[in-house]
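[1] Please find the sequence and the predicted model below.
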Amino acid sequence: MKTSPFFKSAAVLLTALALGVFLFVRVAVEAHAPAYDLLITNARIVDGSGNPWFRADVAIKDGRIERIGHIGPETAARTIDARGQILAPGFIDVHTHVESIYSQPAAENFVRMGVTTLVTGNCGSSTTDVAEFLGRLKEKPIAVNLATLIAHGSVRRKVMGLGDRAPTADELKQMESLVEQGMKDGAVGLSTGLIYVPGTYAKTDEIVALARVAGRYGGLYATHMRNEGDKVADAIRESIQIGEQAGLPVEISHFKISNKKLWGQSPMTLGLVREARARGLVVTVDQYAYTASSTSLESRLPSWLRAGGLDEAKKRLADKATRERAVNDTKEALKRSGFKDYSFAVVASYGPDKSFNGKSIAAITKEVKKKSDITSQIEQMLEMYEAGGAAMIYHGMDEDDVKLIMQEPFTMIASDSGVRQVDESVPHPRGYGNNARVLGHYVRELKLISLEDAIRKMTSLPAQTFGFRDRGLIREGFAADLVIFDENTIVDQATFDKPHQFPLGISYVIVNGAPVIENNQMTAARPGVALRGPQIPQFTQKSVDSAKSVNK
Ligand SMILES: [Zn+2]
């Protein structure tokens, strides 16, 4: 059948009409659909750069900061009125130990202090399967963004166990290839823990070899140095030397002076870093805002005793003469540290007897042995080590050193904490209060540094150092990791006696555009993503500098 021209043109007309109606409806709907997912108004913005605060609205779409300016509330699906509060980039905590984060995906102790990104794998201890570790985030969402270092101690342990010896050429090659795989899988650098087993048995050249691999992939070298006490200056020099020889940036972890005889020497230790920077080397440090550190009990015992791990050490301690040698060496170390006994050493967590938690070694020795001499205290420590060891808090630093280190432009703020389980043991309060303590105590109460500078140390400086190119600043196009807090009320509540207390004054924490803290309450959102390093070989700064000097 033939269609008449009339019907043909009517059909065309109807189709055109229908299309027109469809387009009209679509345009109308789009005009009414909000342009942004979230709008934050009326805040004073401290943008992470260190510049003075300014006032603007911040609009977020698809997890990114889309616009900064004067923006009408009708343009957003949701508006947060942050009147009277500070809006800052989410805090980036570059020194954490959160290998267990998937079992506590809310990471509440971090989120509650405004932290939106964690770097783990520090102090020589990490996963040796970076691809698997970061990949797990897809099935097990977490509240914060996650990055990891590949750790020397874990790699060494995997290749050559816990022994006190140098690697063979073949073992070194194996370690290099594990580091290389870690970097290809997205690690942001290499970490060491040179007081721990087995990292403590590595000589400088071994670390240089592995750091060189990390550097080739654009990573940095983050180190818990060989010594933070009587030989701290040598340890800083070694860290700088490793960075220089391997051609990569150096991050000195939890920068401190834990030797009482060297209290007040931070101008000298900071000077070593400044001098390296003046020579063109990239060296930075991080710090937590307390005069006590926290690590294992065994780190106070001689490294020869700990070779091979606990079972080997127990065998050694069963021999009377060897035990005596261990006591004497520990006594010498105490003498060098400048402390008269172990009253500065407090148990955070001791499995076999929880009543020890929160008490000093001196107090425990008095209780158990009815004695107060040093030998008895060391004997008590050895017995606790043999029974499985303990996590400790060491009140070993001077407040003036903490302050001077905090004032240094290249110092960032990091907690050195793990993910905490509320009311489990008596851990260091830094895992609950660190950022809030800086903002409440050191910025507001002591006026030691400005609010803007403190925020810079928690945001853009860590982002720059660890290569998070689209985080750490409030900029259009950057990831919408944000924190809203009241600078007049923010305060850490965690103390050494009662550490399990969240800070006050932080009302919103936003990760990739989604609030994880909303009106001071934790939400169910788990918007964290894995942050990976460059993963491919990089053109390093060192090759640029040496090329220049050749041309001269
Ligand atoms: Zn450490």
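    Looks like it came in fine.

[2] for stretch 441-454, how far is the first residue from the last?
    End-to-end span of stretch 441-454 (Cα to Cα, to the nearest Å): 11 Å.

[3] residues making contact with that stretch?
    With contacts defined as Cβ atoms under 8 Å, 6 or more residues apart in numbering, stretch 441-454 is touched by 46, 50-53, 86, 289, 403, 406-407, 413, 438-439, 457, 487-488, 490-492. In short, each C-beta sits where N, CA and C put it, glycine included.

[4] Buried residues, that stretch. List them.
    Buried residues in stretch 441-454, counted by 16 or more other Cβ atoms under 10 Å: H441, Y442, V443, R444, L448, I449, L451, E452, D453, A454.

[5] now, the most widely separated pair of the residues you listed?
    H441 and E452 (16.9 Å; Cβ to Cβ).

[6] tell me which element whichever residue of the stretch 51-200 of the chain sits closest to the ion is part of?
    Closest approach between the stretch 51-200 of the chain and the ion, counting by Cβ to the ion: C123, at 3.4 Å. For C123, there is no enclosing helix or strand under DSSP states H and E.

[7] Spit out the contact partners of it.
    H97, A151, G153, S191, T192, G193, Y196, H224, S253.

[8] G124 now?
    Going by Cβ under 8 Å, 6+ apart, the list of residues near G124 reads A151, H152, G153, S154, S191, T192, G193, L194, Y196, G199, H224.

[9] Format the contacts of C123 as CSV; extra columns: distance to R420.
    Formatted as CSV, the contacts of C123 follow (distance: Cβ to Cβ, whole Å):
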residue, distance to R420
H97, 11
A151, 21
G153, 23
S191, 21
T192, 25
G193, 21
Y196, 21
H224, 20
S253, 19
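
[10] Tell me which of those residues fall in helices.
    The helices, defined by DSSP state H, take in G153 from the contacts of C123.

[11] Which one of the contacts of C123 is nearest to Q538?
    Checking the contacts of C123 one by one against Q538 (Cβ to Cβ), the nearest turns out to be S191, at 18.5 Å.

[12] I'd like to know how far the closest one sits from Q464.
    Distance, S191 to Q464, using Cβ to Cβ, to the nearest Å: 18 Å.

[13] These two: who's more crowded?
    S191 (32 against 17; other Cβ atoms under 10 Å).

[14] In space, what's closest to the more buried one - neighbours in sequence excluded?
    L149 (4.1 Å; Cβ to Cβ, 6 or more residues apart in numbering).

[15] Sort out which residues of stretch 414-432 are buried, please.
    Buried-residue list, stretch 414-432, by 16+ other Cβ under 10 Å: 414-420, 425-432.

[16] same question but for stretch 519-539, I mixed them up
    M522, T523, A525, R526, P527, G528, V529, A530, L531, R532, G533, Q538.

[17] Tell me the residue of the stretch 401-550 of the chain that sits nearest the ion?
    D416 (6.1 Å).

[18] Could you measure from that residue over to N109?
    13 Å.

[19] quick one: I413 and Y288 touch, right?
    Yes - assessed by Cβ atoms under 8 Å, I413 is found in contact with Y288 at 7.4 Å.

[20] between the two, what contacts are shared?
    In contact with both I413 and Y288: N434, using Cβ under 8 Å, 6+ apart.

[21] Lowest mean pLDDT among the helices and strands of the chain, which one is it?
    helix 541-551 (a mean of 46; mean pLDDT, DSSP states H and E).

[22] Is I65 within a helix or a strand, and which one?
    strand 64-69.

[23] What lies in contact with that strand?
    Residues from elsewhere that reach strand 64-69 (Cβ under 8 Å, 6+ apart): 35-36, 45, 56-60, 474-480, 513.

[24] mind redoing it with 10 Å?
    35-40, 45, 47, 54, 56-61, 75-76, 89, 470, 473-482, 512-513 (Cβ atoms under 10 Å, 6 or more residues apart in numbering).

[25] Which residues belonging to it are considered buried?
    So for strand 64-69, counting by 16+ other Cβ under 10 Å, buried means R64, I65, E66, R67, I68.

[26] For beta bridges, what are the partners of the closest residue to the ion within the stretch 151-300 of the chain?
    Closest residue of the stretch 151-300 of the chain to the ion, Cβ to the ion: H224 (3.5 Å). Per DSSP bridges, the residues bridged to H224 are G193.

[27] For F485, give me phi and psi.
    phi -150, psi 160 (degrees, to the nearest 10).

[28] what's the answer for K335, then?
    The phi/psi pair for K335 (degrees, to the nearest 10) is phi -60, psi -50.

[29] Confirm that T127 sits in a helix.
    No - counting by DSSP: H, G, I helix; E, B strand; the rest coil, T127 is not found in a helix; it is coil.

[30] my guess is it meets E99, correct?
    Yes - T127 lies in contact with E99 (Cβ atoms under 10 Å); the separation is 6.4 Å.

[31] got any residues that touch both of those two?
    T120, G121, F133, T148, A151, S154.

[32] and those residues as TSV, adding neighbour count, pLDDT and distance to T168?
    Shown next, in TSV, are the shared contacts of T127 and E99 (neighbours: other Cβ atoms under 10 Å; pLDDT from 0 to 100; distance: Cβ to Cβ, whole Å):
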residue	neighbour count	pLDDT	distance to T168
T120	25	98	30
G121	28	98	25
F133	24	98	28
T148	29	98	28
A151	30	98	21
S154	23	98	19
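
[33] For I506, give its distance to Q521.
    11 Å.

[34] now do I474
    Distance from I474 to Q521, by Cβ to Cβ: 24 Å.

[35] again with D185
    Distance, D185 to Q521, using Cβ to Cβ: 36 Å.

[36] OK, contacts around the residue lying closest to I240 once chain neighbours are set aside?
    Once flanking residues are discounted, I240 sits nearest to A276: 4.6 Å by Cβ to Cβ, 6+ apart. Going by Cβ under 10 Å, 6+ apart, A276 touches I236, R237, S239, I240, Q241, G243, E244, V250, V282, V283.

[37] which two from these end up farthest apart in space?
    R237 and V282 (16.1 Å).

[38] Just want to know which of these two has more residues nearby.
    V282 (17 against 14).

[39] that older thread, now do the shared contacts for D416 and N109.
    R430, G431, N434.

[40] Verify the contact between the first one and Y290 for me.
    Pointing back at R430 there. Yes - between R430 and Y290 there is a contact under Cβ under 10 Å: 5.6 Å.

[41] Span of stretch 351-367 from start to end?
    Stretch 351-367 end-to-end distance (Cα to Cα) = 18 Å.

[42] go on, stretch 135-154?
    19 Å.

[43] and it with the ion, contact?
    No - Stretch 135-154 lies out of reach of the ion by Cβ under 5 Å from the ion, never closer than 10.7 Å.

[44] Next up, phi/psi of A169, please.
    The phi/psi pair for A169 (degrees, to the nearest 10) is phi -60, psi -40.
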